[in-house]
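Visitor: With the input below, show me the fold.
(one chain, ligands or ions: 1)
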Amino acid sequence: MYSILNSEKRCCRMKEKEYHGSCHCGSVQFNIVTDALELTTCDCSICIRKNALMVKVHESKFQLIKGEESLTEYQFHTKTAQHFFCKSCGIYPFHRKRVSPDFFGINVYCLEGFSTDGIPVRATIGAGMA
Ligand SMILES: [Zn+2]
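Guide: Have a look, this model is predicted:
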């Protein structure tokens, strides 16, 4: 019985949903579609300072609605990852990942109506990557 309930729960979690995201001042607006199977934190030098909790989405499931001109880009180390910030309010809404540049890491706290309840959080190790 338990396993049936459990698999139903998993099944519901796997449903993809569209979320709207924005920075604090609203200059940057975007939509993502995600099944939100897991969230990630990262211990690299920038993520740890941002205290970021992220969900990963493929670029095909990410749509920037507005604010391209409001985004400023910060790169360091291998310069593969692109860390974006809003020029006006300084919020980090998303970044392009270094290990998989066709994926975005999205700041889940920028998403409207996104609940982190019950979603496992995986701590990724960015600091140790050469
Ligand atoms: Zn802003």
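
Visitor: thinking residue 63 is in contact with residue 32, fair?
Guide: Yes. Counting by C-beta atoms under 8 Å, residue 32 is a contact partner of residue 63 at 7.4 Å. C-beta here means a position set from N, CA and C on the backbone, and glycine is covered the same way.

Visitor: tell me which parts of this protein are close to the ion?
Guide: Residues of the chain lying close to the ion (C-beta under 5 Å from the ion) are 23, 25, 27, 86, 88-89.

Visitor: of those, buried ones?
Guide: The neighbour-count test (16 or more other C-beta atoms under 10 Å) marks 23, 27, 86 as buried among the residues of the chain next to the ion.

Visitor: show me the contacts for the most centrally placed residue in the chain.
Guide: By C-alpha atoms, centre = their mean, the chain has its centre lying nearest to residue 106, at 1.6 Å. Residue 106 makes contact with 21, 32, 34, 54-57, 62, 93-94, according to C-beta atoms under 8 Å, 6 or more residues apart in numbering.

Visitor: Please report how far residue 71 lies from residue 23.
Guide: 9 Å (C-beta to C-beta, to the nearest Å).

Visitor: Now do the shared contacts for the two.
Guide: Contacts common to residue 71 and residue 23, judged by C-beta under 8 Å, 6+ apart, are residue 86.

Visitor: In helices only, show me the residues of the chain next to the ion.
Guide: Among these, none falls in helices (DSSP state H).

Visitor: From those residues, which land in strands?
Guide: Counting by DSSP state E, the part of those found in strands is residue 86.

Visitor: Out of the residues of the chain next to the ion, which is nearest to residue 38?
Guide: Ranked by distance to residue 38 (C-beta to C-beta), the residues of the chain next to the ion are led by residue 23 at 23.8 Å.
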